[in-house]
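Q: Sequence and predicted structure below; questions after.
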Amino acid sequence: MALFSRKPKGPFIRTGYIDMHWDVEDPFLFVSHHEDDYPAGNRQQAPPLKEISGRDLGRDYQKFFGFRMYNGKVVPGFPMHAHWGYETITLAQVGYVDHFDTEGIQGRFGFGDYQWVCAPSKYQHNEMYPLANQEDRNPNDITQIFLNLPMSMKGGENAVNTVFKEEAAFVESEGSRVLVMCGKYGGHDVRSPSPVSWSHGDNHVRILRVEMAPGARFVLDPTSAEAKRNLYYVSGGGLTICDRKFEQGARATMVPTEEVVVVNGESDSVLWVLEGKPIGEKVVAFGPVFLDNLDDVRAALDEIRKDLYSEWPWDVIDKAQPLGTGRFIEYPDGTVRKP
């Protein structure tokens, strides 16, 4: 959890720190950033038994031998679980994510691909981190962002889309390489592939991942005064934001109407930008459900529990793709997309 300093002068509203989970502001709900150094996989694309014995399998969130199993008991990751009332944007910068869901959609994405899951209604899927390399280690770097939906959009149809790296929008300038996952930047205008999203319209939603070489410069243009703006410094040896020095693990909440100039130090750095106009609605949440009142949240949780296994169309709840599978997404009608 971030601890904020006193309000500084200038373009900063407050500053703080991040760990695996980042504090966010409306319209965002949650961010998790997973970095693990998995060993070479076996035939099940799982770690060797000697490296997972003694763990609290099913709830393994402490790094041991450099990695976590999370909720996985064979393959690391997250077996079948529900989402309800929001979008998730998942970037697998390094490593693979295998997914299967109750819509009948399946796939594998990774190494720069990202996925939009829009779940305004009950939706269940699994997200496993297969150790696909049997000859060498399997490091991963996976970031998942929850973007809220207004109540007027909740209750609609679910949608799942993968944006392969080859299709993604990049901007390169002054030693920086910016992945434009959502919003307007550098001549690009990227929105959720789902027709149901707070990213549509004039809501100033922007999600950028910025890779900076030593000495690189990145300029973030002003946006609407209605927006909330946060920068997250994920990795590197130090940089300056508007002439103020920051170390890895810092968060800066910025005034949205001012230009932000970032200058990197002497090692490669990664910086994230999350911006958006707040939805401004009451949010009541428990577990995977985000609605606006406790009675509806409880009813949703009861519905999830009742149908948890009966609606799952796959043979196991922690299903992974076969060894040797490439990147793809397949829909129930047989349509397959590949990079």
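A: Structure received.

Q: What's opposite I142 in the beta bridge?
A: Note on I142: beta-bridge partners H34, A92, judged by DSSP bridges.

Q: How many residues are close by it?
A: By other Cβ atoms under 10 Å, 22 other residues sit near I142. Heads up, the C-betas are built off the backbone N, CA and C, glycines and all.

Q: what sits against V234?
A: The neighbours of V234, taking Cβ atoms under 8 Å, 6 or more residues apart in numbering as the test, are 18, 33, 248-249, 270-272.

Q: Look up phi and psi at the residue positioned nearest the centre of the chain.
A: For the chain, the residue nearest the mean C-alpha position is Q144 (1.4 Å; Cα atoms, centre = their mean). Here is the backbone geometry of Q144 (degrees, to the nearest 10): phi -120, psi 130.

Q: any idea how far it is from Y114?
A: To Y114, Q144 is 10 Å away according to Cβ to Cβ, to the nearest Å.

Q: what residues are shared contacts of these two?
A: Each of 89-91 lies in contact with both Q144 and Y114 under the rule Cβ under 8 Å, 6+ apart.

Q: rewinding a little: in space, what's closest to the residue nearest to the centre of the chain - neighbours in sequence excluded?
A: Nearest non-adjacent residue to Q144, counting by Cβ to Cβ, 6 or more residues apart in numbering: T90, 4.5 Å away.

Q: for the helix or strand harbouring that neighbour, the distance to its chain's centre please.
A: Per DSSP states H and E: T90 is located in strand 86-94. From the chain centre to the centre of strand 86-94 is a distance of 3 Å (Cα atoms, centre = their mean, to the nearest Å).

Q: and the next element down the chain from that strand?
A: Strand 86-94 is succeeded, C-terminally, by strand 96-101 (DSSP H and E).

Q: partners of the helix or strand encompassing V219 in the sheet?
A: Using DSSP H and E, the element containing V219 is strand 217-220. Looking at strand 217-220 with DSSP bridges, its partner strands are strand 260-264 (antiparallel).

Q: Check what contacts the strand it pairs with and list those residues.
A: Outside strand 260-264, the residues within contact range by Cβ under 8 Å, 6+ apart are 11, 175-176, 210, 212-220, 229, 231, 236, 239-242, 254, 271.

Q: Next secondary structure after that strand?
A: strand 269-276.

Q: Which strands or helices does that following strand pack on?
A: If contacts are counted by 3 or more Cβ pairs under 8 Å, 6 or more residues apart in numbering; DSSP states H and E, strand 269-276 sits against strand 28-38, strand 138-148, strand 206-212, strand 228-235.

Q: okay, these in TSV with mean pLDDT and distance to G95 next?
A: Output for these, formatted as TSV (pLDDT from 0 to 100; distance: least, Cβ to Cβ, whole Å):
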stretch	mean pLDDT	distance to G95
strand 28-38	97	8
strand 138-148	98	3
strand 206-212	98	15
strand 228-235	98	16
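
Q: In CSV, list these along with distance to A168.
A: Shown next, in CSV, are the helices and strands packed on strand 269-276 (distance: least, Cβ to Cβ, whole Å):
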stretch, distance to A168
strand 28-38, 19
strand 138-148, 14
strand 206-212, 10
strand 228-235, 18
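
Q: Specify the stretch among those strands that is closest to H188.
A: strand 206-212 (10.2 Å; Cβ to Cβ).

Q: Run the angle between that closest one and strand 138-148 for me.
A: 150 degrees (axes from the mean of the first three to the mean of the last three Cα atoms, to 10 degrees).

Q: quick one: the helices in the protein?
A: Using DSSP state H, the helices assigned to the chain run over residues 49-52, 294-307.

Q: Serialize those to JSON lines and add fields for mean pLDDT.
A: As requested, these are exported to JSON lines (pLDDT from 0 to 100):
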{"stretch": "helix 49-52", "mean pLDDT": "94"}
{"stretch": "helix 294-307", "mean pLDDT": "95"}
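
Q: of all those helices, which lies closest to E127?
A: E127 lies closest, by Cβ to Cβ, to one member of the helices of the chain: helix 294-307, at 16.9 Å.

Q: which other residues reach the closest one?
A: Contacts of helix 294-307 (Cβ under 8 Å, 6+ apart): 82, 84, 122, 124, 284-289, 291.

Q: One more pass at 7 Å, please.
A: Here helix 294-307 makes contact (Cβ atoms under 7 Å, 6 or more residues apart in numbering) with 82, 84, 122, 284-287, 289, 291.

Q: tell me the least confident of those residues?
A: Minimum pLDDT for the contacts of helix 294-307 is recorded at G287 (92).

Q: and it, how far is that from D268?
A: Relative to D268, G287 is positioned 37 Å away (Cβ to Cβ).

Q: hey, what's W84 bridged with?
A: Beta bridges link W84 to V289, judged by DSSP bridges.

Q: show me the contacts for it.
A: Contacts of W84 by Cβ under 7 Å, 6+ apart are 119, 121-123, 288-290, 300.

Q: Output those in CSV, with distance to D136 appended to each entry.
A: Below are these laid out as CSV (distance: Cβ to Cβ, whole Å):
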residue, distance to D136
A119, 35
S121, 41
K122, 40
Y123, 35
P288, 35
V289, 40
F290, 39
A300, 43
